[in-house]
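> just need the structure, nothing else, for what follows:
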Amino acid sequence: MITLAIAEDHQALVDGIKLLLSYQEDIQIVGVANDGERLLEIVRESQPNVVLTDIKMPKTDGITATKQIKKHFPEVQVIAFSMFHQVGAVSEMIAAGARGYILKNSPLEEVLHAIRAVHQGKTYFDANLHVPDSASAPSTDEKPLLSKSEREILKLIGEGKSSSEIAAIRFTAISTVEKHRKNMIQKLGLSGKGELLRYAVEQKYNFE
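The predicted model follows:
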């Protein structure tokens with residue numbers, strides 16, 4: 001029997017997964033969380049075989065939660081279940097220790113395949129994802145995709161600050177901030193400033 005914990009704040013999606021899994025004799029849901037803190041509590045209480053988690057969550061985001069799970073319960077396998085398809089999001093979750101990554105717009109049957117695969121010690125990535133070669137295996141020792149300065153600037157972008165405001169806060173030139181923006185867009189595989197802003201707001205990085 002594969003025990004599963006789910007962290008997802010869209011109830012309709014949770015209901016769909018529950019319905020699908022109700023027909024599977026080898027998978028049992030041991031807990032459902034609407035935020036990262038509750039997910040960590042469920043993992044501590046039940047120590048499931050597999051965790052299916054969103055990345056964008058209240059209180060504690062999926063990346064931070066995954067790091068904590070793999071640190072304290074390394075035998076628990078984590079699958080990201082997200083709307084984010086960018087290289088940066090995938091790389092961050094893999095670096096945190098996730099063994100799988102499924103997009104929310106994929107058929108729910110993909111979830112079944114992923115759960116069974118990671119429980120068997122394999123990795124499972126959505127066919128529509130671009131998985132960087134450098135991120136082919138999880139490693140909690142992997143360096144962050146973004147530099148410390150870039151992560152600090154990304155945090156300010158997520159707070160709605162303009163380049164001029166960020167430059168004033170960091171006592172630097174606007175051109176330097178703009179250069180960091182361009183570098184982040186390239187590293188994260190985004191299409192422009194608007195997508196970078198959305199990523200900064202939605203991703204909720206562990207900036208410290």
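> mean confidence (pLDDT) on stretch 12-24, please.
For stretch 12-24, mean pLDDT is 90.
> contacts for it?
L4, I6, E8, I27, I29, V32, L52, K104, L108, E109, V111, L112 (C-beta atoms under 8 Å, 6 or more residues apart in numbering). Using the backbone N, CA and C atoms, a C-beta is placed for each residue, glycine as well.
> give me the buried subset of those residues.
Among the contacts of stretch 12-24, those classed as buried by 16 or more other C-beta atoms under 10 Å are L4, I6, E8, I27, I29, V32, L52, K104, V111, L112.
> now these in a markdown table, with distance to Q120, pLDDT and secondary structure?
Listed next are these as a markdown table, based on distance: C-beta to C-beta, whole Å; pLDDT from 0 to 100; DSSP: H, G, I helix; E, B strand; the rest coil:
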| residue | distance to Q120 | pLDDT | secondary structure |
| --- | --- | --- | --- |
| L4 | 14 | 97 | strand |
| I6 | 19 | 96 | strand |
| E8 | 23 | 91 | coil |
| I27 | 13 | 94 | strand |
| I29 | 19 | 95 | strand |
| V32 | 24 | 95 | strand |
| L52 | 16 | 96 | strand |
| K104 | 23 | 87 | coil |
| V111 | 15 | 90 | helix |
| L112 | 13 | 91 | helix |
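> I'd guessed K193 sits against H180; true?
No: between K193 and H180 there is no contact under C-beta atoms under 8 Å: 11.9 Å.
> ok, the most centrally placed residue in the chain - contacts?
The centre of the chain sits closest to I55, judged by C-alpha atoms, centre = their mean, with a distance of 3.6 Å. Each residue near I55 by C-beta under 8 Å, 6+ apart is listed here: D61, G62, I63, A80, S82, F84, A89, M93, Q203.
> and with 10 Å instead?
Applying C-beta atoms under 10 Å, 6 or more residues apart in numbering, we find I55 in contact with 7, 36, 61-66, 80-84, 89-90, 92-93, 96, 98, 101, 202-204.
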